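Student: this is the structure alone, sequence omitted:
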C-alpha cells in the first residue's frame, strides 16, 4: 500500500522544507488538498522543481470546470474530485492526464461510483474532509469491502485517521493508497511514522469484528446441504479458496479448502463418486474470536506451526460470525 503524505499538515515549516524531508524519506505520493483554491497549482509547480514524486491532488469545489485548464497546463498523476460538492456530473476533458478518482464522505454510499465507472479509483474519506487528526470511523471498513466486491478492477484510496493499526487493516483489505497527515508529521520523525505505517506489529484499538468479512458475505454451506457439488460451487463463487460449513444453529462445523478437495481426490482416484464430503471437512481449523484485538490476531498467527491464509471468526458460543483472509496483505508485501 502506498503512503500519500498530506503536505499541508505540517504548519511549522516552509513547504519546500517539507517536500525535501519527504523526498529524503522516499514517500510514495504527495497529497495536495485543494479546498477550492487555485493557488495550490503554484505549490504543485514548486514541487516539480524539487522532486518527481507523484502528486495526489484532491479538489473540493462546486465549479470543477475552472480547474480543467489548470490540470492541462500543470498535469498531476492523481486527481480526485469531492462528490458531495458537485452540482452536476463531471465532464473532464480528454486532455486532462493522470488517474481520475471520486471522493466520498462516510455517509455517502460507494454505489455513486456507478456514475464514474470510467474513473480509476475511489477515495473514501474516513473522517471529516479538511479535519486534521480525526479518528477513523469503523463503518468505512464495510464500505471498503462493498466497493471491492462491486468494482474489483478499481483501486481504493483512503484518507483520514490512518495510524499504524488502521494502516495494517487497510493493507490487509487490499487498499491501494492511504493519506497520512497529522500522524506522519506529529511523530518523532517522518521516518518513524512511515515505518509504523508499514510495520506488522501494531497496537490494538480495533477488534476483529470491525474489519472481518461478515458471514453473510462469506462462502458458507449449511451442513445439511453439504455435498461435493455444493462444496466446489461455494469455493468457486467465494473466490477465497475455501468454504465454511455450519450446522443448523449456525455453529461452525469446520471448513473445506482447495487443499482438502485435492487431498480427497488423490485418496479416491479409483472411485471419485465414492468420496464422502464429510471426509474432506477440517473440523478443527484455527479460529479467532470476534472480540479479539489485532495484536491478539497477530500473536495467534505467529504461534501457528503452519502458514495461515484465512481465519474463521467465532463468538464465544462457537457461532460463526465471519472470516479474515490475508490474501491482500500477502500481495501487498511482495
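Tutor: Perfect, thanks for sending it. The shown structure was predicted, so the numbers you read here are calculated from the model rather than taken from an experiment.
Student: who does residue 180 form a beta bridge with?
Tutor: residue 5 (DSSP bridges).
Student: give the contact list for it.
Tutor: Residues near residue 180 by CB atoms under 8 Å, 6 or more residues apart in numbering: 3, 4, 5, 6, 162, 193, 197. C-beta: built from backbone N, CA, C; applies to glycine.
Student: ok, now residue 238?
Tutor: Contacts of residue 238 by CB under 8 Å, 6+ apart are 218, 219.
Student: and what of the one 4 residues further on?
Tutor: If a contact means CB under 8 Å, 6+ apart, then residue 242 has 219, 235, 255, 256, 257, 258, 260, 310 as its contacts.
Student: and the gap between the fourth one and residue 4?
Tutor: Residue 256 sits 40 Å away from residue 4 when distances are taken as CB to CB, to the nearest Å.
Student: how about the last one?
Tutor: Distance of residue 310 to residue 4, computed by CB to CB: 29 Å.
Student: those two: which has the busier surroundings?
Tutor: For residue 310 and residue 4, the more surrounded residue by other CB atoms under 10 Å is residue 4, and the numbers stand at 30 against 20.
Student: which residues touch the more buried one?
Tutor: Counting by CB under 8 Å, 6+ apart, residue 4 has contacts 27, 28, 29, 30, 31, 56, 157, 159, 177, 178, 179, 180.
Student: and residue 157, that one's in a helix?
Tutor: No - per DSSP: H, G, I helix; E, B strand; the rest coil, residue 157 lies outside any helix segment and is strand.
Student: for it, give me the pLDDT.
Tutor: We have a pLDDT of 97 for residue 157.
Student: for the residue positioned nearest the centre of the chain, give me the pLDDT.
Tutor: In the chain, the C-alpha nearest the mean C-alpha coordinate belongs to residue 175, at 2.9 Å (CA atoms, centre = their mean). Predicted confidence (pLDDT) at residue 175: the value is 92.
Student: go ahead and confirm it touches residue 156.
Tutor: Yes - at 4.9 Å, residue 175 counts as touching residue 156 under the criterion of CB atoms under 8 Å.
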